[in-house]
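**Student:** Structure here, sequence nowhere to be found:
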Ligand code: DGL
């Protein structure tokens, strides 16, 4: 019989699509002895072009699925858009601890930046919320945000190493640099404020000025999760034989999730279960 004192915690991880699997990958590297329930709300992706009200409704339904139906004891909102616009709504809707990705991303930028000026690229909704600018401001940083709406569909298309994607990134970053100069910012750090963007990191690193630090919010969110979940993680470490368990759920094509998901997770996602969260 399993001993609840040493059983692995169930960590729920949620994204609008596959991108949050980059956060799951970073979590597994740090907390391998856990049971992960990952939900990709692929039927309703993208969130980044929708209103706060719609994003909050979708995100709350997704969080409730993980907390109430999958027994998640912690939730990681592995979606910048949902974290920026719906974190409060999610925290009110479930009784388990909930971690978003915005504050960890801003903290990592604070640690990386010497000038105190940072750039953020993200979806339209995240930029319009100014959640990153606010989180950076609280930490004493100046931040300039830019929406890059073409990048999510390019990643979804699998064009993560494609000349068209490289050119789109170059144009966005040139515009952002010009804007930063016009605002008198001396930015030395770029935050990838969308869970799809870590897959573009090699192209982005080629396009940024020499010496600019690139912050992956997936890595910093996973670091924050380890700090938050440390007590349970330490308990689960007692169960040395406990392997990583991953359950994946999607609200649309499980075949596409299985095919694309492994690219984000860096290993096969295994069997994916279809769930219906309504329209
Ligand atoms: N997961 C979203 C984010 O991190 C990007 C995809 C979407 O727009 O739904 O902002």
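**Tutor:** Received, thanks. On a predicted model such as this, the values are computed, not experimentally measured, just so you know.
**Student:** Could you verify my assumption that residue 106 touches residue 130?
**Tutor:** No - checked against Cβ atoms under 8 Å, the pair residue 106 and residue 130 is beyond contact range at 11.9 Å. C-beta coordinates here come from the backbone N, C-alpha and C atoms, glycine included.
**Student:** between these two, which one's more packed in?
**Tutor:** Neighbours per residue, other Cβ atoms under 10 Å: of residue 106 and residue 130, the larger number sits with residue 106, 28 against 15.
**Student:** so what's the more buried one closest to, chain neighbours aside?
**Tutor:** Setting aside the residues directly before and after it, residue 106 is nearest to residue 135 in space (Cβ to Cβ, 6 or more residues apart in numbering), at 3.7 Å.
**Student:** try residue 52
**Tutor:** Nearest in space to residue 52, with sequence neighbours left out and distances taken as Cβ to Cβ, 6+ apart, is residue 85 at 4.7 Å.
**Student:** Which helix or strand contains the one you found?
**Tutor:** Counting by DSSP states H and E, the element that carries residue 85 is helix 80-93.
**Student:** Does anything pack onto that helix? Which helices or strands?
**Tutor:** In terms of contact count using 3 or more Cβ pairs under 8 Å, 6 or more residues apart in numbering; DSSP states H and E, helix 80-93 is assigned the packing partners helix 52-64, strand 74-77, strand 98-99, helix 102-112, strand 117-122, helix 124-129, helix 131-138.
**Student:** Is there proximity between it and the ligand?
**Tutor:** Yes - counting by Cβ under 6 Å from any ligand atom, contacts between helix 80-93 and the ligand involve 80-81.
**Student:** just to revisit the earlier point, residues in contact with the residue nearest to residue 106?
**Tutor:** With contact set as Cβ atoms under 8 Å, 6 or more residues apart in numbering, residue 135 has these partners: 102-103, 105-106.
**Student:** now, the most widely separated pair of these?
**Tutor:** Looking at those by Cβ to Cβ, the two members farthest from one another are 103 and 105, with 7.2 Å of separation.
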